[in-house]
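Q: Pasting the sequence and the predicted coordinates here, then a few questions.
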Amino acid sequence: MNHQKPAAPVLGGGGFLRIRLDLAYDGGPFSGWAVQPGLLTVQGVLEDALALLVRRKVRVTVAGRTDAGVHARGQVVHLDLTEDEWQGLNRGVELDPAVALLRRLRGALSRGLGDLTGAIEVHSVTLAPEGFDARFSALWRRYSYRIADGPALWDPLGRYSTLWHKEQLDVSLLNEGASKLLGLQNFRSYCKPREGSTTIRELQRFEFARGSDGVIVATVQADAFCHNMVRALVGSALYVGSGAEKPGWLYERLLEQKRDAKSVLSAPHPLVLEEVAYPSDSELLARAELTRALRK
């Protein structure tokens, strides 16, 4: 994971402009989001592409760091460029710098990815409002997780984005157990703690629904997530859905505040970061300052 501190919000001083990128990626080929020496990561490929365009190292700050194999449809990052770098992106052509960066970045990513072209797609580039921080200004992150419970639902075309679970699951039991974890809680039992970091989070949604195709989709939303938290929540819920544990067991584990032999992570490949939400422009800086204070 990337332990660099995110850049502070730029408030019009210092000659820098803050740029927001909205992107999606197939996490399958990557060793997670964060830069790791000698490994292919989403952040590494993106920063290399940006460096190719502005001819210097560019650091990006991400809304939600994802583990190896985890995908994203609604990821958000920010980066800071000088005004000269921003205006120079169109290379003298009358073209909005945002449009120019989007076009050139897609080309640079294709060059860097080679046979993996298309695994990372930047969908939009915008000048960020004053006070915007992709990580700390966020109100919440929402993930989805697909589960095909039984061989009759195992679609080979979806095997890289859906968990193939051998036992049939009871959706009502899943939801009964999940509902008891909602609210502001200490999720130490459901995440890998980091030294000096809090494990208190507000879980806003944790629910399961069976779609028309028979596949179960879990929705998990919180103000932020600890390391491995979503996969730990889903992995534990599978015990309840299969009848191996009672619904109240999920809350009992929460209260234990420890990890043990039953702290199982669900597979990463069905997990998708779907959306990151932000407050109105006038509230971005206040939200970032509040979040920084809470995460200390």
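A: It's in. Worth saying up front: this structure is predicted, and the values here are computed from it rather than measured.
Q: Go through stretch 192-208 and flag the buried ones.
A: Residues T199, R201, L203, Q204, F206, F208 are the ones in stretch 192-208 that count as buried (16 or more other CB atoms under 10 Å). (Each C-beta comes from the backbone N, C-alpha and C, glycine too.)
Q: Could you measure from the fourth one over to E85?
A: Meaning Q204. 38 Å (CB to CB, to the nearest Å).
Q: Just list what the one helix or strand A51 maps to packs against, helices and strands only.
A: Using DSSP states H and E, A51 sits within helix 42-54. Counting contacts by 3 or more CB pairs under 8 Å, 6 or more residues apart in numbering; DSSP states H and E, helix 42-54 packs against strand 71-82, helix 97-113, strand 120-127.
Q: Can you check what angle separates that helix from helix 97-113?
A: For helix 42-54 against helix 97-113, the angle by axes from the mean of the first three to the mean of the last three CA atoms, to 10 degrees is 120 degrees.
Q: After helix 42-54, which helix or strand is next? Please name it.
A: Following helix 42-54 toward the C-terminus (DSSP H and E): strand 61-62.
Q: tell me the mean pLDDT over that following strand?
A: Here strand 61-62 scores 98 as its mean pLDDT.
Q: likewise stretch 99-109?
A: Here stretch 99-109 scores 96 as its mean pLDDT.
Q: And the contacts of the helix holding A51?
A: 2, 23, 25, 27, 30, 32-36, 57-60, 62, 66, 77, 79, 81, 85, 89, 101, 104-105, 108-109, 111-113, 120 (CB atoms under 8 Å, 6 or more residues apart in numbering).
Q: again, 7 Å this time
A: With CB atoms under 7 Å, 6 or more residues apart in numbering as the test, helix 42-54 has contacts from 2, 25, 30, 33-35, 57-60, 62, 79, 81, 85, 104-105, 108-109, 112-113, 120.
Q: Stretch 65-74 now?
A: Counting by CB under 7 Å, 6+ apart, 1-2, 24-28, 30-34, 268-269, 271-276 sit against stretch 65-74.
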